[in-house]
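**Q** kindly return the folded structure for what I paste below:
(chains A and B, ligands or ions: 2)
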2 protein chains.
Amino acid sequence: MTSTIDPASIGKPKPDRIRRHVRTLTGFLPETDATGKAKWPRGDEKTWKEALRGVATDEPAITKAIVNHVQTSLARQPHNLDELGAYQAAALSVRDNLIVNWNETQLHMTRKAPKRAYYLSLEFLMGRTLDNALLNLGLKNKYSDTINKLGFNLEDLLDQERDAALGNGGLGRLAACYLDSSASQELPVWGYGLRYQYGIFQQLIAPDGQQLEAPDPWLQNQNPWELPRLDVNYEIRFYGHSERLEGGKAVWSGGQEVLAVAYDVMIPGYETRNTNNLRLWESKPKRGFDLNSFNAGDYERAVESSNSAAAITSVLYPNDHTTFGKELRLKQQYFWTAASLADIMRRFKNLDKPITEFPDYVAIQLNDTHPTLAIPELMRILVDEEDVPWDLAWNITTNTFFFTNHTVLPEALEKWPVPLMEQLLPRHMQIVYDINFAFLQAVDKKFPGDLDKLNRMSIIEEGFPKQVRMANLACIGSRKVNGVAELHSELVRTTIMKDFVELYGVSKFANVTNGITPRRWLDQCNPGLSQLITESLKIPRNTWLKDLYKLEGLLEYAEDPAFQRKWAAVKQSNKQRLAHYVETTLGHKVNTNAMFDVQVKRLHEYKRQSLNILGVIHRYLTLKAMSAEERKKVNPKVVFFAGKAAPGYYIAKLIIRLIVNVARVINEDPDTKEYLTMFFLPDYSVSLAEVLIPASDISQHISTAGTEASGTSNMKFCLNGGLLVGTVDGANIEIAEEVGENNVFFFGHLTPAVEGLRYQHSYHPVPVEQKSPALATVLKEVSAGRFGDPGVYEPFLNTVRQHDYYLLTDDFESYIRALSMVDEAYQDRTEWIKKSIRTAAKMGKFSSDRAIQDYAQEYWNIESVKLGDVNGA
Amino acid sequence: MTSTIDPASIGKPKPDRIRRHVRTLTGFLPETDATGKAKWPRGDEKTWKEALRGVATDEPAITKAIVNHVQTSLARQPHNLDELGAYQAAALSVRDNLIVNWNETQLHMTRKAPKRAYYLSLEFLMGRTLDNALLNLGLKNKYSDTINKLGFNLEDLLDQERDAALGNGGLGRLAACYLDSSASQELPVWGYGLRYQYGIFQQLIAPDGQQLEAPDPWLQNQNPWELPRLDVNYEIRFYGHSERLEGGKAVWSGGQEVLAVAYDVMIPGYETRNTNNLRLWESKPKRGFDLNSFNAGDYERAVESSNSAAAITSVLYPNDHTTFGKELRLKQQYFWTAASLADIMRRFKNLDKPITEFPDYVAIQLNDTHPTLAIPELMRILVDEEDVPWDLAWNITTNTFFFTNHTVLPEALEKWPVPLMEQLLPRHMQIVYDINFAFLQAVDKKFPGDLDKLNRMSIIEEGFPKQVRMANLACIGSRKVNGVAELHSELVRTTIMKDFVELYGVSKFANVTNGITPRRWLDQCNPGLSQLITESLKIPRNTWLKDLYKLEGLLEYAEDPAFQRKWAAVKQSNKQRLAHYVETTLGHKVNTNAMFDVQVKRLHEYKRQSLNILGVIHRYLTLKAMSAEERKKVNPKVVFFAGKAAPGYYIAKLIIRLIVNVARVINEDPDTKEYLTMFFLPDYSVSLAEVLIPASDISQHISTAGTEASGTSNMKFCLNGGLLVGTVDGANIEIAEEVGENNVFFFGHLTPAVEGLRYQHSYHPVPVEQKSPALATVLKEVSAGRFGDPGVYEPFLNTVRQHDYYLLTDDFESYIRALSMVDEAYQDRTEWIKKSIRTAAKMGKFSSDRAIQDYAQEYWNIESVKLGDVNGA
Ligand SMILES: Cc1ncc(COP(=O)(O)O)c(C=O)c1O
Ligand SMILES: Cc1ncc(COP(=O)(O)O)c(C=O)c1O
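**A** Ligands and ions are numbered 1, 2, ... in the order given. Below is the predicted model of the structure:
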């Protein structure tokens, strides 16, 4: 029933909808009485307390919870329950437990009111949750037993879960590892992202080897891991116009308003009740359906505004390491940063502290330049809404933000056309101009008259159209800037940020080498190895999983033959698991006695899957040229590829096509197939990585020197006892530092040589035949149609023959030699196992716990706030 | 993780997705062993059975259930729980109980495999569910106590629920009452409808008195009363082309395919565990997002197909009693009937009976012509898919369907342009032609050469464009046709279906007078009266609520002064409840000592709210003309109006505007306001009806004779002890037959006179001044601007002055006299109360239980299938 409504208010927020805290929001505390004691909020305290639940940890309670969800949430019965249903019921019962902890964590944090850090990332590549949640809650065994009694198998149920694939690759998966480490270390860290209706596309492979893309409707079967918080919502404005007032202020009005609605994803810490939050925003129309247009017969118009609002969070952009000036992408970026900042500001204001203390309570990490609009947005809120003078606002802002750079590839540095910004975000464009003006004055003061420098450092790049350089804005507006591995951070300081280092001094520019969470990337994906490690170290599993340096204790067993055997047996069973996967999905038998050589990552020219496939062809041609006798001496090898190419990335897609078609030829060749086979596994994902990584003997991280900022899959392989063949790039370098260069197979030119080689390719080219006869032969065979229609591959082959920007011709010979060394080393299996043990043992540094502690201490200045172990109500 | 996928299969149904029964669907039975005993389906029987739950009926269990939902489903805690949250938690706990019963009912029905009836209705006006569900489960008192202990008040929580308003008015509310009666009588009846994302619009009143319309986003806060069954879905085709094969068969292919997904709404019976199902279909795109268009930068195209699919069930058409040839409406009708028939056919085929027995297991009721496409659709399934010969298929079809006509107004008879049908449903158009051809041959055989008759009876109406007459098709394809009240059914036989009666004989045309459920419309909305009745009849409440004829027992108390006082006291407290509602929503005080005169229903010229408002003006002018002394003798009266006008219905909207503005004048007039006030209550709904109806002393049902098929609100008012002033129309007649004509205030011309009067208005008009001087004065005052800008109302006034299609000028004097008689009768309050008691006592016939039994026995031939009282597993 509704009452009369003033029509002027239709579509307007209700007057009583104050944007400060209301009862239903998080961050609300029970009232206290005169003595400061919390009053029981409502109803009869005893009745409530008897009914309130904790985490259900005993088997009968777990059984009841699952069965109750079967009956009620799913409306099923034992006789019509399938595996998907059983997964859903189990997941819902786990969700209930997570929520209990989540609720208490939020209340506890509100009470303690510590400084908090917010991790703004456009991507969170979470993968699956059930297994991880069970491990973190310490309930996996009990669930496994319960589910058995109910007639199912936990492993099968785990397989029913769809990956949450809200990311492209490393950057998004890093964000996910960081959330796990923050929660596990009881740090008050929230993630903020977007709830894409469609995550990264599903990759299909056509019969001709082409990549096809299908949408990823991951929300189709309801998502038990999120909590819609429909009452947490903000209005986000686009377009309109901005009118300047006095004192730097302005009023931004008109345009389109869109609603941002919060969905909370629970992030359980490992072996702690602390359960952090990842808040994802969904866009919704503010007004819903336009009934008047509908009644006037114009359905299209009736849904128009509804659609254009819903569009914003409809799909994750399937691209990384390139920039592309799509208006919708810019809308995503603003929508997300504006909603997140509004939420952060509301939480801060609830503390009743002076606005000047904002940076004492809030640290915001910008994961790459994607959230850079948060800088002018905070300025807008402070100056236009909170009446803070410009200079003070700027001081607050530059003490709040921290910026992580993820790439020095020039094509990956984000820029937005000024006309687009002016139209979509007129007020922010003014603020950017104002920031730039003050900034350039300061530069000019320090380096008078250096026009080139002013041009390079300006936030605005001259041209047609002018562009806004997001990296410059992010650097200028942040307290610190970091790269993600030693080499990369050095490159940031000496290339793209060189001028800024001269201006601000070097201390603003630091490094945090990426990390990975050992909970997912060892304990969960490789339970056999985790078990072996725990047994051998003779400390509880949770001790070394929370202090990964403890793995060094394995070094003393490296020479122990019994331990070596067990180590090898674990690897072997992981190889069998992968072989089983290949057989059930591709229908191919895999020789698990062969060496497993894996390269899995996004398809990019700089990552040089091209080098790998050309190397495989070389190996194949070499094998073909051998006598049957000679072949018997060869180390048998299975090469695995997986990875998605951005749908518009023509060359990357050609490389996939070549891989698939080469595989087709060599896997069928009776002469060689015992010694060399190859598989392209479609639809690379976190879950597939969890199967592939523990099974690898060797993995390839072979980017052109200076192009891969860090890489994280390299760490994952090593943590699971796989060795690396790689270039001297990214985190490979630090891995080698840890494990010793003799345990890593390095090859290729070093970063300082790259510029010179590229110059040479353009101005003094040397034919491939001369630089690498082996490579020339390979190219010739492809061109000759040995792997199908040669015309198809010419555009790719030409990138190698001409210019060769990624230095394949320069590195090929050295690459082949490195692979020979790998073969040789693999012949001495005991030595290999020792390398494998030593490698895993030295991975302590690469735990994301270490990385997050770095951020917490050196950047955000936050501390752990542990939730007590007893129910505190 | 996905495997390689043959791209040819993208978007195609998975090969293993057979459309017969799969485990997760309803209608699946446990397997049996060799002896026929049901095998325990899965896991350890004891573990399962110990964990399985029944309905939670004791207070501790109810408390735990509610608190558990607070903590987990809502992620709230006692200190941040508001009334909406408490409502949601309580509702979810009730939902759990309903699901337990629902599950068992479905299993039981599958086991017993009785003949089932399906009620196809484009509208189900359910209103709120929580209160009804608690009453039906017999748990209202326990919930009330529990909720008190938790610090809330049940009545306040009930008020948090949004109405499910998937209907326009009587037709949709009738469907809802029928579902309640079917479940309460343990009949195997399912409803099939559409899950509109936006129900009937919210009505707002602008300051100038105009109706404004706002969307009704009823699903905004999640709906606890539905059960998404994402695994129950069908592909529905539109457009494309149909190729005829031999033997009447055809292949229909191409075009657009849309997915229909089932949402089940639980329909608990009263005081029985039987819980029936209302299955609502939601439209979804088959393919989701078009990633290729998106990647190519064309976002619009990427969402296009997704939108056009979602559009189908986006909104309920806010219109009734007119036809309007909107393609989207036709799409709704086909989408819904096709999904429903596919579902019905799957269920039937699961029985493994020969297709000829279809009508022995399935009866389908067509609620008005909206689902008439079900007739050619069943033919299509039988002929094209099941290979049934045409004549046999026709036999099956005409023994399956039953058709209820709801109106004889010519402008309300549905017709669809042939070109539109041909484009949207090419195969169905062929089938309609084939049906028509055979039908007209039969007509011609019986009435050779009667071309006029052939023209009138043809399914195809000649013209530009040709049209498909849905009522003719529905009649030809059904086993029986019925109207909804005696007079209406008689009019059906003698006017629109006259030719068909001559062809088929009269026995095909029958009557089922509408009914209402006494559970909602007395027990729930008027607990005081329900309590008094139970006490007085000295039988359990559930006895008379299930056999409403028992109310006759009240007759013996009609003369008992003590009972009269109690009866009056209940009415008085209901009037106070309404007064409180008016005060809190409109801010007006209401005199509860005055007579409450109510007219609430859709705004339509034929329902003649016009007559009422003109009568109010007349009363006002009469009062103004009196001396203060004279006025003191007048019966004080408060007039209530409520009702929505279709957004495009200009005259109806003008009438609302006039009502609002007249109210504004007279409510402020110090001379008269003690004796006459008037309110237009915005946004009429089931919930508002539940407050208004119990409070009325008199209500108005004053349609032009022969236009109101039945009316059901008249029954509701009488059941709550309100008297009627009405025309001799619809169910008013039968009500008078029951309660005696001296207890009803009839007036106006009778149906047979209508045609003559209309003829007279057109060809021999008599000025209003002559026919009704009183009405002429009223019109003059409105025209003179007494109630605001007179120009505004001229178009409405002209419909009275010219032609006067609805006979206001003819009935006005008699109407005024009837109202005088009402005033007079009200002066003798004791006599009035006796009338009120006698009226309620004689409402037995109008229980929808009686109506549904009529359908069950005389039409569908189905029997009750009661679920046992103990848990049968
Ligand atoms: C699914 C997925 N994609 C991408 C990456 C990043 O891989 P890399 O560090 O090799 O670029 C990872 C890390 O393991 C991953 O799990
Ligand atoms: C909300 C609503 N609308 C419409 C109707 C139908 O009213 P009537 O029978 O007066 O047309 C009813 C019945 O009481 C109702 O509850």
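**Q** drop to CA atoms for contacts and neighbour counts, all remaining ones
**A** Fine.
**Q** which single residue of the stretch 401-550 of chain A ends up nearest ligand 2?
**A** Nearest residue of the stretch 401-550 of chain A to ligand 2: residue A:424, at 44.6 Å (C-alpha to the nearest ligand atom).
**Q** for that residue, what are its contacts?
**A** If you count contacts by C-alpha atoms under 8 Å, 6 or more residues apart in numbering or on different chains, residue A:424 has them with A:238-240, A:331.
**Q** same question, residue A:132
**A** A:519-520, A:524.
**Q** so which residue is smack in the middle of chain A?
**A** By C-alpha atoms, centre = their mean, chain A has its centre lying nearest to residue A:172, at 1.2 Å.
**Q** for that residue, helix, strand, or coil?
**A** Assigned by DSSP: H, G, I helix; E, B strand; the rest coil, the conformation of residue A:172 is helix.
**Q** and for residue A:378?
**A** Residue A:378 - assigned by three-state DSSP - is helix.
**Q** gap between it and chain B?
**A** Distance from residue A:378 to chain B, counting by C-alpha to the nearest C-alpha, to the nearest Å: 29 Å.
**Q** and if you look at residue A:223?
**A** 13 Å.
**Q** and what of residue A:245?
**A** For residue A:245 relative to chain B (C-alpha to the nearest C-alpha), the value is 35 Å.
**Q** looking at chain A, which helix is longest?
**A** helix A:83-112 (DSSP state H).
**Q** what mean pLDDT does it have?
**A** Averaging pLDDT along helix A:83-112 yields 95.
**Q** just stretch A:306-320 next, same as before
**A** 83.
**Q** just how off-centre is it within its chain?
**A** 18 Å (C-alpha atoms, centre = their mean, to the nearest Å).
**Q** in the longest helix of chain A, what's buried?
**A** A:83-110 (16 or more other C-alpha atoms under 10 Å in any protein chain shown).
**Q** mind putting the contacts of residue A:132 in JSON lines, pLDDT, neighbour count and secondary structure included?
**A** Shown next, in JSON lines, are these (pLDDT from 0 to 100; neighbours: other C-alpha atoms under 10 Å in any protein chain shown; DSSP: H, G, I helix; E, B strand; the rest coil):
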{"residue": "A:519", "pLDDT": "97", "neighbour count": "23", "secondary structure": "helix"}
{"residue": "A:520", "pLDDT": "97", "neighbour count": "20", "secondary structure": "helix"}
{"residue": "A:524", "pLDDT": "97", "neighbour count": "18", "secondary structure": "helix"}
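**Q** ok, and of the residues you listed, which contact ligand 2?
**A** With C-alpha under 6 Å from any ligand atom as the criterion, the contacts of residue A:132 include none near ligand 2.
**Q** as CSV, these with distance to residue B:267 would be great.
**A** Formatted as CSV, the contacts of residue A:132 follow (distance: C-alpha to C-alpha, whole Å):
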residue, distance to residue B:267
A:519, 47
A:520, 45
A:524, 45
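**Q** out of the residues you listed, flag the one nearest to residue A:72.
**A** residue A:524 (30.4 Å; C-alpha to C-alpha).
**Q** that older thread, the residue of the stretch 401-550 of chain A closest to ligand 2 and residue A:525: what is the separation?
**A** Noted for residue A:424: a distance of 45 Å to residue A:525, by C-alpha to C-alpha, to the nearest Å.
**Q** can you check residue A:93 too?
**A** Applying C-alpha to C-alpha to residue A:93 and residue A:525 gives a distance of 23 Å.
**Q** over to residue A:39?
**A** Residue A:39 is 46 Å from residue A:525, by C-alpha to C-alpha.
**Q** and for residue A:732?
**A** Residue A:732 is 22 Å from residue A:525, where distance means C-alpha to C-alpha.
**Q** nearest residue to the residue in the stretch 101-250 of chain A positioned nearest to chain B other than its sequence neighbours?
**A** Residue nearest to chain B within the stretch 101-250 of chain A (C-alpha to the nearest C-alpha): residue A:151, separated by 3.3 Å. Nearest non-adjacent residue to residue A:151, counting by C-alpha to C-alpha, 6 or more residues apart in numbering or on different chains: residue B:43, 3.3 Å away.
**Q** burial measure for that neighbour, as a count.
**A** Residue B:43: 16 surrounding residues under other C-alpha atoms under 10 Å in any protein chain shown.
**Q** sorry, back to before: out of the contacts of residue A:424, which sit inside strands?
**A** Those of these mapping onto strands are residue A:238, per DSSP state E.
**Q** now do the strands in the stretch 251-400 of chain A.
**A** Ranges of strands in the stretch 251-400 of chain A, per DSSP state E, counting those that start in this stretch, are A:256-268, A:275-285, A:362-367.
**Q** what about residue A:657, how many residues nearby?
**A** Residues near residue A:657, counting by other C-alpha under 10 Å: 22.
**Q** hmm, who's touching the helix or strand where it lies?
**A** If you go by DSSP states H and E, residue A:657 is part of helix A:650-668. Residues outside helix A:650-668 that contact it (C-alpha under 8 Å, 6+ apart): A:208-211, A:603-605, A:609-610, A:613, A:617, A:620, A:645-647, A:672-673, A:676-680, A:787-788, A:792-793, A:795-796.
**Q** near ligand 2, from those residues?
**A** Checking the contacts of helix A:650-668 against ligand 2 by C-alpha under 6 Å from any ligand atom, not one of them is in range.
**Q** low pLDDT regions in chain A?
**A** A:1-28, A:295-300, A:303-305, A:320-325, A:869-873 (pLDDT under 70).
**Q** need the residues of chain A near ligand 1, please.
**A** A:169-170, A:173, A:601, A:685-686, A:689, A:711-713.
**Q** in helices, which of those fall?
**A** Cross-referencing the residues of chain A next to ligand 1 against helices under DSSP H gives A:170, A:173, A:686, A:689, A:713.
**Q** how much space separates the first one from residue A:159?
**A** According to C-alpha to C-alpha, residue A:170 stands 23 Å off from residue A:159.
**Q** so what touches stretch A:489-497?
**A** A:405, A:408, A:482-483, A:498, A:501, A:506, A:509-511, A:706.
**Q** now with 6 Å, please.
**A** With C-alpha atoms under 6 Å, 6 or more residues apart in numbering or on different chains as the test, stretch A:489-497 has contacts from A:483, A:511.
**Q** how far off centre is it?
**A** Stretch A:489-497 sits 23 Å away from the centroid of its parent chain (C-alpha atoms, centre = their mean).
**Q** and that stretch, what's buried?
**A** A:489-493, A:496-497.
**Q** could you export that stretch as CSV, CA atoms only?
**A** Taking C-alpha atoms only, stretch A:489-497 is exported to CSV below (Å, rounded to 0.1, in the frame of the first residue of the first chain):
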residue,chain,number,x,y,z
SER,A,489,60.5,-1.1,-10.3
GLU,A,490,64.0,-0.1,-11.5
LEU,A,491,62.6,0.2,-15.0
VAL,A,492,59.8,2.4,-13.7
ARG,A,493,62.3,4.7,-12.0
THR,A,494,64.6,4.9,-15.0
THR,A,495,62.1,5.0,-17.9
ILE,A,496,58.5,6.1,-17.6
MET,A,497,58.9,7.8,-14.3
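**Q** touching stretch A:441-453 from outside, list them.
**A** By C-alpha under 6 Å, 6+ apart, stretch A:441-453 touches no other residue.
**Q** end to end on stretch A:319-335, go ahead and measure it.
**A** 19 Å.
**Q** cool, and stretch A:122-138?
**A** End-to-end distance of stretch A:122-138 (C-alpha to C-alpha): 30 Å.
**Q** where's that stretch relative to the chain centroid, distance-wise?
**A** Distance, centroid of stretch A:122-138 to centroid of chain: 13 Å (C-alpha atoms, centre = their mean).
**Q** nearest to chain B: which residue in the stretch 501-650 of chain A?
**A** Counting by C-alpha to the nearest C-alpha, the stretch 501-650 of chain A gets nearest chain B through residue A:585, at 4.9 Å.
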